[in-house]
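>>> for reference, the sequence and a predicted model appear below.
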Amino acid sequence: MSNNIARFIYNTLVDRDNICNLTLEAKVLTDALRSSDKIVIYGKRDSGKTSLIKNVVIPDWLRQTPNGMAIYIELYGVKSIDDVAEKLTLYLNKAYQSTFSLKATLRSTAQIIKGLRPTFSISADGSMEASVRAIAESTHPKIETFFDNIKKLHDSGVQVAIVIDEFQDVALAKGSEELLREEMQKMPFAIPIVILGSKQHLLAKIFQKPKAPFFNWGKRLEIKPLPVDEYNDYISERFSPHHIKADTVTLTGLQHLLLRNAEAINMFCSHIVYQLGNRTDSDVILTAEIIETILQNYVSSLGGEFETYLDNYTKNELKVLTLIAKQGSLKNPMGKETLAKLKISASGIRKILDKLLDHADIYREETGFVLSKPLLMYYLRDWRL
């Protein structure tokens, strides 16, 4: 650990010192970049995969690869091929600017990389901004142009790594899967490609359907929930400077109360520190009863945020979300009892579940359909009939 006080971090990328465990996953990914592997990483929302790749794996690879250029791309929310092409172009520009930040280096690179034209501008704060374009590029970005530029960078001696986050959203951008697969197939083997996703339902459509363009593409790595014992130690370490203590049974119960969702646990534990930390010189001993009381008050305090979030759903979608929240899991959504409670047709429920799965609002577990956001689950339990 660093000299800084260990903290509960949420709503942002977690820095290296505050990532809990994931050391094995970090090694697998770093090795994958070194060996030019193609790999798909799946992890539920808030599982730490983006923090791991951006704050640990990529920096480590860049330190070990002096001539390396890591292109991180996020495809969240893309709905068309044009959206995908624009995102690829924007992130290539950002990576290029970050890698070749000095004007002299950019000019030198321009001489090496034939067919590319680096451009320079000065931003409002006086810093230099750079981007790279194909000389013969049309006015609209193209997916093919992105991969052509990658190949030219590679041919010039730049060691390129491609990391694509929230890749599953290409399933909602008609025609982009086929084109991306075709272009990736043309890439030199030496270029590693890491794909990350959080929407299991869409990822299954992309990588598991026999006729899908990416069927059986790459290796697989799943980011699973953090080991309970190690996360208990992580929580205790961050409670300790604030004179808060809890036994193993209590901390384990806290984790399960929040469905072992790391982001929700960090949010709630940070709130516990705010409520109870450093009130006296003596330690505060957490109990299950204290945790449940604080959780109920905390969820209530977030009501405005939750209501704004819930405005995005239709009346019937809210019915389904609320039923799942109150039951904990929905085992038989097409059963007579469920249909009677929801007063929605079986086909209507099926469409709603598919949409909620596509957007990772819910997950399909062995126990049935469950909500992806544990704090929202408690809010729906308390504030919906």
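It's in. Numbers count the residues shown, from 1 in each chain.
>>> run the chain-centre distance for stretch 274-293.
Distance of stretch 274-293 from the chain centroid (C-alpha atoms, centre = their mean, to the nearest Å) equals 32 Å.
>>> residue 271 is in contact with residue 298, isn't it?
Yes - Residue 271 is in contact with residue 298 according to C-beta atoms under 8 Å; the separation is 5.1 Å. (Each C-beta comes from the backbone N, C-alpha and C, glycine too.)
>>> hang on, residue 370 in a strand?
Yes - with the criterion set as DSSP: H, G, I helix; E, B strand; the rest coil, the secondary structure at residue 370 is a strand.
>>> list the contacts for it?
Applying C-beta atoms under 8 Å, 6 or more residues apart in numbering to residue 370 gives the contacts 259, 324, 328-330, 362-363.
>>> the same query, at a cut-off of 10 Å, please.
When contacts are counted by C-beta atoms under 10 Å, 6 or more residues apart in numbering, residue 370 is found next to 259, 324-325, 327-330, 362-364, 377.
>>> now the buried members of those residues.
When these are checked for burial by 16 or more other C-beta atoms under 10 Å, the buried set is 259, 324-325, 327, 329-330, 362-363, 377.
>>> for the residues you listed, give me a markdown table that also has secondary structure and distance to residue 251.
As requested, the buried ones among the contacts of residue 370 are arranged in a markdown table below (DSSP: H, G, I helix; E, B strand; the rest coil; distance: C-beta to C-beta, whole Å):
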| residue | secondary structure | distance to residue 251 |
| --- | --- | --- |
| 259 | coil | 15 |
| 324 | helix | 26 |
| 325 | helix | 24 |
| 327 | helix | 26 |
| 329 | coil | 23 |
| 330 | strand | 29 |
| 362 | strand | 27 |
| 363 | strand | 24 |
| 377 | helix | 20 |
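>>> low pLDDT regions in the chain?
Low-confidence segments of the chain, defined by pLDDT under 70, span residues 1-4, 101-139.
>>> got a list of what the residue nearest to the spatial centre of it touches?
Most central residue of the chain, judged by C-alpha distance to the mean C-alpha position with C-alpha atoms, centre = their mean, is residue 50 at 4.9 Å. With contacts taken as C-beta under 10 Å, 6+ apart, residue 50 has the following neighbours: 13-14, 41, 43, 72, 74, 163, 165-166, 196, 198, 223.
>>> redo that, cut-off 6 Å
If you count contacts by C-beta atoms under 6 Å, 6 or more residues apart in numbering, residue 50 has them with residue 165.
>>> next secondary structure after the helix or strand hosting it?
Counting by DSSP states H and E, the secondary-structure element that holds residue 50 is helix 49-52. Read in the C-terminal direction, the helix or strand following helix 49-52 is helix 58-64, with elements assigned using DSSP H and E.
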